[in-house]
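S.K.: Whatever this is, show me its structure:
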Amino acid sequence: MSLPFLPGNNFDRKLGSEKFHKSHFFDICNDQQMQTGPHRPGIGGVTIPGQVIPPKHSSYPTGEGTNAPAWVAYDRQVLSFKAYYQEGVTERHDEQYRIRNCKLYFYLEDDSIQVVEPVVKNAGMPQGTIIRRHRIPKPAPLDDQYFTVEDFNIGKELVLYGKKFKLCDGDEFTKNFLYKLGVRVGDPSDIPGNPYTKLREDQEKDMQPLRPYERSDNGRKWRDLDRQVLRFDAYWDDTESMFGDRRELTLHYYLADDTVEVLEKIPKNSGRHKFPCFLARARLPKNAPLPLLRPGEHTTRTLLNVFGDGGVDARYILDSLKTGAVYDDFYTDADLTIGGTINVYGRQIILTNCDGFSRDYYTRTFGVEKFDPIKYKADRPRPMPRPIPPYSGFGGEEDTLSNCMSLIPKAAGRDFIKFMEKDRNGLDSHVLRFVAKIDNDSPIDTTRKIIISYYLSDDTMSFYEPPARNNGIIAGDFMERRRLKKLHDWDNMDGTADFYTAKDLYVGARCVFNKFKFVIVDCDEYVLRYMENNADEFPQANIAVIMNKVINAVKDQEKGIKEAFIGSDSQQNGVVPYSAFRAQLQNLGVLSEHEIITVGRWYSVRAPDEVDMKTVVAIAQEKLKKGAFENFDLLMDACRTSDESNEKVLPRQEFRSIFLSFKAPVPQDVYSLLEQEFMVDGTIKYPEFIARINYRTNPVQMVQYQQAIKVRCCSGERNVSGVTEVNYKALMEGLFPAAKKV
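M.R.: Take a look at the predicted model:
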């Protein structure tokens, strides 16, 4: 007897509950709002009468590691079972049922099931995928639920859409997975045999051919030798006929079916139609052309009349001995040799050569090792020398030469890759400038200075004469820009002339340009730096080569050279003026003027350049202000975020990455100088760095930005436009290392 539903006589079911939310009426599915339907729970998520519980997926025990969902943790993991089902047969009297073997797959990621039946030859029924992959509901009355991993085990029977499947076995992964789930895996069993399959096998064994067929198996030859072709060069001498000539041919022998194809090489302007197929692909008989055979004389099979006179009651059998058969002798790969003659329907073709594959094939198959080609064509006559006219004066010499090489003039080629590499790039002009004087006996020409510009991008040279007071000569271009040939190849116009290159120009070199004799007396700073940076290309600036020449020239002269340097060292500090150093090296007689300059620059005494940080900061603030950069606070916050220990410093590379990420318009050379100013033990003091470049809080008077700072200061290089003093002690240690050890 139940208590009356009165206060004090019942229990409060909400006692201890913490959730009192009201379930929502609408949900979003495929970006569309719709009602939740019968799955909507009650207040606080409590199940109410009439609520449809959604089907659950497989539940897996949680272990160590991340709690990833099943569609992530079990992606591409499948349980595979061997199964069968019995299908009743009511249409036949000789069988009552059939056993259908199949493979059942359970996908762990979404509890979907797929059933596949292996294809059997001549089964007479549709096979393959019996049930496509999807979630399958359980049979009634549990049709509101779906199969999960708990329903699968070896030995169980599953009913899928009215078909009862028996799980007989599973693969190794399936057994291990079920064992780890705590399932007691059943013992595997054999799939029972199908009576109808056994009946069909017995019938096939009893079937015998009614007459003996010839067994012809060319499939293996096709599989092994398909797309393998022997290629021979050949010719057909047709000079005996009227208007005949020698025809060059190419013979292809297909190993897969022993067929032959002959193609003709039709030269240009031969007067023949361009029809290259000389013989279509087919088997080539040796005794062609063959006589015409009567109908029935050449057949694949021969019949023998055993009984009867040819009427209806006659009996015939196949002639296995092939008596009276007509045999045709065809060319095979064993008949093709270099120097051999092939009969192509009355035309005698001679094989002259073969390709590499054919040689390997004959060496491997027949053991042939000699493949000397046959020479059947006379040597080409030596071409007559083509006279090259002199330079016309229009364009360059390459243009005149190209006009003589073809009927239609073509522009001279250009090394585009070299042009892209050696073209002007910022401050790197790739132009070598020298100062030269005319080398003759004229007193007027000896006072003239010519500026020679050598362009590395296309190896051209230009000559400019600067103005000079009261010399009576008009300043301007002395010679237009072009490539210049050396004196010994001045009249060479066949394209093999020897032109001047960059390594032929150096201080002290004597050159002849357009039959004018010049001596190079000076060069600019860029030339000296470029040659020293590319010392492998310029031996005049290679200090290792120069020092070897000096060492070989000063053997057993250490005392005299040292006394000469000490005599020029007035302050006795190991330094001599460059003039005395130059005079001493000139006395050796083995070095050019450029080599003396290279040695002097190498052992020169230079004072380090000082950098005005106020100017550097002013340049940085000017660039930031013109670029409208205002993110100083964000830059500081980013640095503080990376500075976890709050030490007010950051590693150099890390600060550079943060600074570059804000895309501040500060030149690279200016940033490098600021980085050196605020660097301590490989770290950057970022608060001081940012505060110094902040033009809002710490403005600095603006100055004119000079790009020369990049060359002199940022890269650490020094101003060496002129050498004034040379450290001769370092030079002596390099020349006489044995004396240094003593």
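S.K.: the strands in the stretch 251-400 of the chain, which residues?
M.R.: 259-264, 277-282, 303-307, 315-318, 341-344, 347-354 (DSSP state E, counting those that start in this stretch).
S.K.: Show me what the second one is packed up against.
M.R.: I take that to be strand 277-282. strand 246-254, strand 259-264 (3 or more Cβ pairs under 8 Å, 6 or more residues apart in numbering; DSSP states H and E). C-beta: built from backbone N, CA, C; applies to glycine.
S.K.: per-residue confidence at residue 608?
M.R.: Note for residue 608: predicted pLDDT of 61.
S.K.: Now tell me which helix or strand of this structure has the poorest mean pLDDT.
M.R.: Taking mean pLDDT, DSSP states H and E as the measure, the helix or strand of the chain with the lowest value is helix 708-709, at a mean of 36.
S.K.: Not counting sequence-adjacent ones, nearest residue to residue 342?
M.R.: residue 349 (4.6 Å; Cβ to Cβ, 6 or more residues apart in numbering).
S.K.: Surely the one you found is in contact with residue 236?
M.R.: Yes - using Cβ atoms under 8 Å, residue 349 is in contact with residue 236, at 5.1 Å.
S.K.: Confirm for me that residue 457 is in contact with residue 430.
M.R.: Yes - judged on Cβ under 8 Å, residue 457 makes contact with residue 430 at a distance of 6.1 Å.
S.K.: sorry, back to before: can I get the helices and strands packed on strand 277-282 in a markdown table with distance to residue 498?
M.R.: Converted to a markdown table, these look like this (distance: least, Cβ to Cβ, whole Å):
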| stretch | distance to residue 498 |
| --- | --- |
| strand 246-254 | 42 |
| strand 259-264 | 47 |
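S.K.: Quick check: which of those strands is nearest to residue 565?
M.R.: Residue 565 sits nearest to strand 246-254 of all the helices and strands packed on strand 277-282, at 79.0 Å, using Cβ to Cβ.
S.K.: Pairing partners for the closest one, with directions?
M.R.: Sheet pairing of strand 246-254 (DSSP bridges) gives strand 229-237 (antiparallel), strand 259-264 (antiparallel).
S.K.: which other residues reach it?
M.R.: Applying Cβ atoms under 8 Å, 6 or more residues apart in numbering, the contact partners of strand 246-254 are 228-239, 259-265, 267, 278, 281, 331, 333, 336, 342, 349, 351, 376.
S.K.: Can I get the buried part of those residues as one PyMOL selection?
M.R.: One line in PyMOL is enough to select the buried members of those, burial here meaning 16 or more other Cβ atoms under 10 Å:
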select buried, resi 229+230+232+233+234+235+236+259+260+261+262+264+278+331+333+336+342+349+351
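S.K.: for the stretch 51-200 of the chain, what spans make up the strands?
M.R.: 78-88, 97-107, 112-117, 128-134, 157-160, 163-170.
S.K.: buried ones in the fourth one?
M.R.: Residues of strand 128-134 classed as buried by neighbour count (16+ other Cβ under 10 Å): 130-131.
S.K.: now it, how far from the centre of its chain.
M.R.: Averaging C-alpha positions (Cα atoms, centre = their mean, to the nearest Å) puts strand 128-134 43 Å from its chain's average.
S.K.: Sheet-wise, list the partners of that strand with their directions.
M.R.: Short version: by DSSP bridges, strand 128-134 pairs with strand 112-117 (antiparallel).
S.K.: roughly how far is the partner strand from the heart of the chain?
M.R.: 43 Å.
S.K.: quick check: angle from it to strand 97-107?
M.R.: Strand 112-117 runs at 140 degrees relative to strand 97-107, counting by axes from the mean of the first three to the mean of the last three Cα atoms, to 10 degrees.
S.K.: Output strand 112-117 as CSV, restricted to C-alpha atoms.
M.R.: The C-alpha trace of strand 112-117 is given here as CSV (Å, rounded to 0.1, in the frame of the first residue of the first chain):
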residue,chain,number,x,y,z
SER,A,112,30.1,1.2,-39.0
ILE,A,113,29.9,-2.3,-40.5
GLN,A,114,30.8,-3.6,-43.9
VAL,A,115,30.3,-7.1,-45.4
VAL,A,116,32.2,-8.2,-48.5
GLU,A,117,32.0,-11.5,-50.3
